[in-house]
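[1] below are the sequence and a predicted model for it; my questions follow.
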Amino acid sequence: MHVKSRSGRVFRIPSDEEDTRIRDGITADPDACELSDEQLGQLRPVRRSTSEASKEAISIPLSSEVLDYFKASGPGWQTRIDSALREWIETHPAA
C-alpha cells in the first residue's frame, strides 16, 4: 500500500505480514526496541542539513510555461526547480 504526503512524497506502507516480520526482528535484536508513546512525544525534529540551510532566496524571472509546469506538480515545486538546475549543472560543466 502507498500513501502520499501533503508534500507529494510517496511512502510504501508494509503489509501486515511484513509488519509482523519487522516487529519480530525488533524483538530478536537486543540492541533495538520500540519507543513508547511518551518517548516518541519527547522527540524533536532534526535541523535541516547544512546544504538545505545554505540556500539563498533570490528573485529570477521564469517563463510562465516553466512556472506552471513545476507548480502543477504540487507542493515542493521550488525544490524540484533547484534539483533540475543542479542536474543541468552536472551535465553541463562550466567552461
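    Received the coordinates, thanks.
[2] tell me the contacts of Met1?
    Contacts for Met1 (CB atoms under 8 Å, 6 or more residues apart in numbering) come out as 12-13, 15. Where you see a C-beta, it was placed from the backbone N, CA and C, and this is true even at glycine.
[3] tell me the secondary structure for Val3?
    Secondary structure assignment for Val3 (DSSP: H, G, I helix; E, B strand; the rest coil): strand.
[4] the nearest residue to it once chain neighbours are set aside: how many residues sit nearby?
    Nearest in space to Val3, with sequence neighbours left out and distances taken as CB to CB, 6 or more residues apart in numbering, is Phe11 at 5.0 Å. Residues contacting Phe11 under the criterion other CB atoms under 10 Å number 9.
[5] quick one: Phe11 is in a helix?
    No: assessed with three-state DSSP, Phe11 is strand; it does not lie in a helix.
[6] okay, it: pLDDT?
    Predicted confidence (pLDDT) at Phe11: the value is 91.
[7] residue contacts, it?
    Contact analysis of Phe11 by CB under 8 Å, 6+ apart lists 2-5.
[8] can you get me a residue count around Ile81?
    By other CB under 10 Å, the residues close to Ile81 number 18.
[9] check whether it really touches Phe70, as I assumed.
    Yes: between Ile81 and Phe70 there is a contact at 5.4 Å, judged by CB atoms under 8 Å.
[10] if we can go back for a sec, gap between the residue nearest to Val3 and Pro45?
    Computed as CB to CB, to the nearest Å, the Phe11 to Pro45 distance reads 17 Å.
[11] distance check, Pro75 against Arg12.
    Using CB to CB, Pro75 is found at 20 Å from Arg12.
[12] show me where this protein has helices.
    Secondary structure of the chain (DSSP state H): helices at 16-28, 37-42, 50-53, 64-72, 77-91.
[13] mind giving me the domain split of the chain?
    Listed domain ranges for the chain are 1-43, 59-95 (source: automatic domain parsing).
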